[in-house]
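Asker: all I have is the shape, not the residue letters:
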């Protein structure tokens, strides 16, 4: 288990989660602002790549998110490196049935807390496409601040940041 929230459980994916992983990566609406949709074969290969990211003591990777109430798959949560391979960005993708329930904000707020407790970095980043207004709202609600732009994978993305100090102040 990576962490738990009031309504959600966040844990590492396993090979047994291939159907759930594909339900995110194969969905055009979910992937609209994230990356191109993957076929089942591509998704299975991507899951294996992701499983290989997991290292003892590392927070890097994509993690499975389940609802506590009924154990249903809600989506993914991630800590990944920006292209500088030094700084981390927080991310998430939810199945359409989980949209509009506050899960994204709950994940990001708790993910921020987890991040600053787990490692000694002073800043956590988030990135999103300019057109992705719902995610921008989530990031702002969770305490991140708009902080310019960044180029990732040949795309200009909006950059959001939160420092350890800002996160601590928001928690009190």
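Answerer: That came in fine, so what should we check first? Keep in mind it's a predicted model, so treat the numbers as computed, not measured.
Asker: sec struct for residue 93, please.
Answerer: At residue 93 the chain is in strand, as set by DSSP: H, G, I helix; E, B strand; the rest coil.
Asker: what number of residues lie near it?
Answerer: Neighbourhood size, residue 93 [other CB atoms under 10 Å]: 22. No exception for glycine: its C-beta is placed from N, CA and C like everyone else's.
Asker: please name the residues that touch it.
Answerer: 24, 30-31, 34, 75-76 (CB atoms under 8 Å, 6 or more residues apart in numbering).
Asker: and the gap between it and residue 66?
Answerer: 14 Å (CB to CB, to the nearest Å).
Asker: mind listing the strands in the chain by residue range?
Answerer: 3-4, 8-12, 61-67, 73-81, 88-94, 123-128, 145-152, 155-163 (DSSP state E).
Asker: out of these, which gets nearest to residue 137?
Answerer: Closest to residue 137 of these, according to CB to CB: strand 123-128, at 10.2 Å.
Asker: give me the angle between the helix ranked longest in the chain and strand 61-67.
Answerer: Identified as the longest helix of the chain according to DSSP state H is helix 103-118. Helix 103-118 runs at 130 degrees relative to strand 61-67, counting by axes from the mean of the first three to the mean of the last three CA atoms, to 10 degrees.
Asker: what is the least confident helix or strand in this structure?
Answerer: Lowest on mean pLDDT, DSSP states H and E among the helices and strands of the chain sits helix 164-171, with a mean of 92.
Asker: so how far is it off the chain centroid?
Answerer: 20 Å (CA atoms, centre = their mean, to the nearest Å).
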